[in-house]
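**Q** prediction below, plus the sequence it came from.
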Amino acid sequence: MDEERVRVRAFAGGRVQGVAYRHYAEKNAERFGVTGWVRNLRDGRVEVLAEGSTAQVESFLQALRDGPRLAWVESFAVSRETATGEFADFRIVFFSG
């Protein structure tokens, strides 16, 4: 039985750049079987777009709320989107806007 895939876009704020947050996200995406990407934003936040089963995504989001040891996640906003299945893996991408 295939579980429905979900897609979320999350924004983490606080001390989340320069503290290995993106690498932490990448490691946990692999750990929980989530696909998508993570990137730093110019305003100091980190943006994550992720897809997986509900259980995978919820576990991944909890890890992102906790953050790596040197991070301090002050704000964390999540919105739901329609899953597309477009990602084969999870990777760090670079802001191009």
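**A** Everything's here; your move.

**Q** which stretches in the chain count as strands?
**A** 5-15, 35-40, 46-53, 72-81, 90-92 (DSSP state E).

**Q** give me the sheet partners of the fourth one and which way each runs.
**A** Which is strand 72-81. strand 5-15 (antiparallel) (DSSP bridges).

**Q** what residues of the strand it pairs with count as buried?
**A** 5-8, 10-14 (16 or more other CB atoms under 10 Å). Where you see a C-beta, it was placed from the backbone N, CA and C, and this is true even at glycine.

**Q** next one: that strand to chain centre, how far?
**A** Distance of strand 5-15 from the chain centroid (CA atoms, centre = their mean, to the nearest Å) equals 5 Å.

**Q** what is the orientation angle of it with strand 35-40?
**A** 20 degrees (axes from the mean of the first three to the mean of the last three CA atoms, to 10 degrees).

**Q** what is the mean pLDDT for strand 5-15?
**A** For strand 5-15, mean pLDDT is 97.

**Q** same question for stretch 20-27.
**A** Mean predicted lDDT for stretch 20-27 stands at 98.

**Q** how about it: buried residues?
**A** Neighbour count says stretch 20-27 has 20-22, 24-26 buried, by 16+ other CB under 10 Å.

**Q** which strand residues bridge A77?
**A** F11.

**Q** correct me, but it touches R45?
**A** No - counting by CB atoms under 8 Å, A77 stays clear of R45, with 9.1 Å between them.
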